[in-house]
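S.K.: Okay, sequence plus prediction incoming.
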Amino acid sequence: MRRLTHVAVLAWLAVMAGAAPAFDNGQYDNVPPDIRAWFKSVIAPNGVPCCDISDGHRTSYDVRSGAYWVPIEGEWMMVPERAVIRDRGNPVGEAVVWYVHHRGHIIISCFVPADAV
């Protein structure tokens with residue numbers, strides 16, 4: 001029973017992370033249409049949209065023991081395998097991470113490495 005509750009909470013957090021409202025204050029007005037369309041089309045492995053261009057943050061990354069790590073707000077965080085997207089390509093040329101703040105925690109909902117194919 002406890003394991004089932006734990007799985008349900010994780011599933012709910014994943015859905016909430018992907019359902020965050022997009023915020024666009026005009027910072028992407030000069031982004032080419034094909035790049036904007038790519039940002040809008042990226043979907044997490046669990047089927048939840050990664051949100052929108054304003055939620056994706058270009059980032060550097062590191063690979064440690066086979067896992068991706070990204071800096072978010074000054075802290076290096078491990079990208080959960082459930083968030084790694086390898087099949088959407090990456091026309092940006094830089095890694096992109098989507099994350100939200102939830103109850104004092106940062107939840108990574110999607111990550112596309114720079115060399116995603």
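M.R.: Cool, the structure landed.

S.K.: Tell me where this protein has helices.
M.R.: 2-18, 33-41 (DSSP state H).

S.K.: pLDDT weak spots in this structure?
M.R.: Along the chain, the model assigns pLDDT under 70 to residues 1-29, 52-54, 117.

S.K.: hmm, 50 instead?
M.R.: Low-confidence segments of the chain, defined by pLDDT under 50, are located at 2-25.

S.K.: Give me the neighbour count for Arg82.
M.R.: 15 (other C-beta atoms under 10 Å). Glycine gets a C-beta too; all of them are placed from N, C-alpha and C.

S.K.: just Gly56 next, same as before
M.R.: 23.

S.K.: cool, and Gly74?
M.R.: By the measure other C-beta under 10 Å, the count of residues near Gly74 is 5.

S.K.: if I pick the closest residue to Met77 other than its chain neighbours, what's in contact with it?
M.R.: What sits nearest to Met77 in space, not counting adjacent residues and going by C-beta to C-beta, 6 or more residues apart in numbering, is Val70, at 6.1 Å. Contacts for Val70 were tallied using C-beta atoms under 8 Å, 6 or more residues apart in numbering; they are 59-62, 76-77, 79, 95, 97, 108, 111.

S.K.: Could you do Ser41 as well?
M.R.: Contacts of Ser41 by C-beta under 8 Å, 6+ apart are Arg88.

S.K.: let's see it at 10 Å
M.R.: Neighbour list for Ser41: 49-50, 88 [criterion: C-beta atoms under 10 Å, 6 or more residues apart in numbering].

S.K.: This completes my enquiry, with thanks.
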